[in-house]
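Colleague: next one to model:
(one chain, ligands or ions: 1)
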Amino acid sequence: MLASGIMDEDAGSIQRMIDCGAGAIVTKSIGTQPRDGYPNPTIIELDYGIINAMGLPNPGIELYGEEIKKLRATKVPIIGSIYAADADEFVSLAIKMQQYGVSALELNVSCPHAKHYGLEIGCDPSFLHEIVTSLKQQISIPVFVKVSPNIMNLTEIVQAIEKAGADAIVAINTVKAMKIDLQTTRPFLSNKIGGYSGKAIKPIGVRCVYEIAQAVDIPIIGVGGITTGEDAIEYFMAGASAVQIGSAVYYRGPEVFASVCDEIKSWMKNNGYTKITELIGVALQ
Ligand code: DHB
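Modeller: Here you go, the predicted model:
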């Protein structure tokens with residue numbers, strides 16, 4: 001799948017990812033109102049990854065609905081990523097996403113720096129339980145919850161999410177990080193703190209998926225630093241049954257979806273596996 005926040009700001013860029021072989025698309029995280037995001041600089045590439053603090057820029061649910069509706073003909077599932085400050089706001093966004101025809105929802109409760117959103121919710125098990133319970137009562141499409149690596153109570157969090165009836169856990173969102181500009185002597189990003197993604201965070205994601213797989217029975221979607229087929233296989237072995245790719249679209253181009261699938265197939269062939277299910281969670285045995 002295409003991970004949220006990369007090449008998913010409108011129907012045109014999403015269609016390109018579909019044409020290049022993405023098996024599902026997660027939309028940009030959308031809120032109730034249009035939001036400008038933070039001033040530049042919002043992104044910096046480092047040796048082993050990328051730090052960004054965009055500030056959840058998005059056109060708001062009404063305008064983004066027009067983009068989703070343009071994709072109605074596609075057979076590739078669209079997963080609507082939403083962020084909100086409370087359960088009622090999540091429900092109203094979810095109802096609209098469902099009306100637009102998305103196949104599932106991904107709750108962004110793990111943005112590492114947006115005030116009132118993201119992590120402030122994502123580290124509170126009872127708040128998360130309330131949000132997921134309300135959503136499951138009022139919508140019929142599956143609910144996925146994207147969790148953060150920046151928390152100490154991951155097991156408690158995913159168990160609260162599962163207990164509330166969520167259909168899958170998505171792990172992980174970006175890792176809180178900072179880059180200081182030596183010339184100006186100040187943090188490089190306008191928001192100072194950002195989220196680290198790309199190759200460097202794969203071991204963190206694999207560790208989180210492994211811990212989550214021991215704590216819950218619902219499916220896990222792995223994301224974080226997956227750049228090659230072998231990276232995806234590592235996530236499968238840790239317990240993920242599907243994976244998302246974000247920063248690697250920047251490193252390898254949109255062709256990354258087809259390339260990663262080919263690399264998974266050839267690794268499996270060379271190592272005597274015939275089905276992905278033979279790999280899922282084998283590291284835990
Ligand atoms: C942003 C949101 C995220 O969830 C994340 O991991 C990184 C950045 C943002 O919009 O700033």
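Colleague: which residues of the stretch 1-150 of the chain lie near the ligand?
Modeller: 52-56, 108, 111-112 (Cβ under 6 Å from any ligand atom). All C-beta spots, glycine's among them, are computed from the backbone N, C-alpha and C.
Colleague: who touches the helix or strand where Met97 lies?
Modeller: Per DSSP states H and E, Met97 falls inside helix 87-100. For helix 87-100, contacts defined as Cβ atoms under 8 Å, 6 or more residues apart in numbering pick out 30-32, 61-62, 65, 68-69, 80, 82, 84, 105, 107, 130-131, 134-135, 138-141, 143.
Colleague: now for this structure, the helix or strand with the poorest mean pLDDT.
Modeller: Lowest by mean pLDDT, DSSP states H and E among the helices and strands of the chain is helix 119-122, with a mean of 88.
Colleague: tilt between the helix or strand just after the helix holding Met97 and helix 87-100?
Modeller: Where DSSP H and E defines the elements, the next helix or strand beyond helix 87-100 is strand 104-108. Orientation check (axes from the mean of the first three to the mean of the last three Cα atoms, to 10 degrees): strand 104-108 against helix 87-100 gives 150 degrees.
Colleague: ok, for Pro142, nearest residue in space, not its chain neighbours?
Modeller: With sequence-adjacent residues excluded and distances taken as Cβ to Cβ, 6 or more residues apart in numbering, Pro142 is closest to Asp167, at 3.8 Å.
Colleague: so who does the one you found touch?
Modeller: Taking Cβ under 8 Å, 6+ apart as the criterion, Asp167 is in contact with 104, 142-144, 218-219.
Colleague: state the pLDDT value of it.
Modeller: pLDDT for Asp167: 98.
Colleague: from Ser266, how far out is it?
Modeller: As judged by Cβ to Cβ, to the nearest Å, Asp167 and Ser266 stand 31 Å apart.
Colleague: list the buried ones in the following helix or strand past the least confident helix or strand of the chain?
Modeller: Heading C-terminal from helix 119-122, the first helix or strand you meet, by DSSP H and E, is helix 125-138. Buried residues in helix 125-138, counted by 16 or more other Cβ atoms under 10 Å: 125, 127-136.
Colleague: sorry, back to before: among the contacts of Asp167, name the ones in strands.
Modeller: Within those, residues falling in strands by DSSP state E are 104, 143-144.
Colleague: and those residues, which is closest to the ligand?
Modeller: The ligand has its nearest neighbour among the ones in strands among the contacts of Asp167 in Phe144, at 14.0 Å by Cβ to the nearest ligand atom.
Colleague: pairing partners for that closest one in the sheet, please.
Modeller: Beta-bridge pairing for Phe144 (DSSP bridges): Glu106, Ala168.
Colleague: contacts only, for it.
Modeller: By Cβ under 8 Å, 6+ apart, the residues touching Phe144 are 79, 104-107, 166-170, 221.
Colleague: any idea which of these has the most stuff around it?
Modeller: Val170 (31 neighbours; other Cβ atoms under 10 Å).
Colleague: tell me how far that one lies from Leu46.
Modeller: Taking Cβ to Cβ as the criterion, Val170 is separated from Leu46 by 24 Å.
Colleague: nearest spatial neighbour of Ala84, skipping sequence neighbours?
Modeller: Phe90 (4.4 Å).
Colleague: so what's the one you found scoring on pLDDT?
Modeller: pLDDT, Phe90: 97.
Colleague: give me the number of residues near it?
Modeller: 26.
Colleague: next: the one 5 residues further on.
Modeller: Counted with other Cβ under 10 Å, the neighbours of Ile95 add up to 14.
Colleague: do the same with the one 4 residues further on
Modeller: Gln99 sits with 11 neighbouring residues when counted by other Cβ under 10 Å.
Colleague: I'd like the distance between it and Leu46.
Modeller: As for Gln99, its distance to Leu46 is 41 Å (criterion: Cβ to Cβ).
Colleague: close enough to count as contact, Cys123 and Pro149?
Modeller: No. Look at Cys123 against Pro149 with Cβ atoms under 8 Å: they stay out of range, at 11.3 Å.
Colleague: how close does Gly49 sit to Gly194?
Modeller: Note on Gly49: its distance to Gly194, by Cβ to Cβ, is 11 Å.
Colleague: and if you look at Met54?
Modeller: Note on Met54: its distance to Gly194, by Cβ to Cβ, is 9 Å.
Colleague: more neighbours: which of these two?
Modeller: Taking neighbours as other Cβ under 10 Å, Met54 and Gly194 compare with Gly194 leading, 29 against 22.
Colleague: thanks a lot, catch you later.
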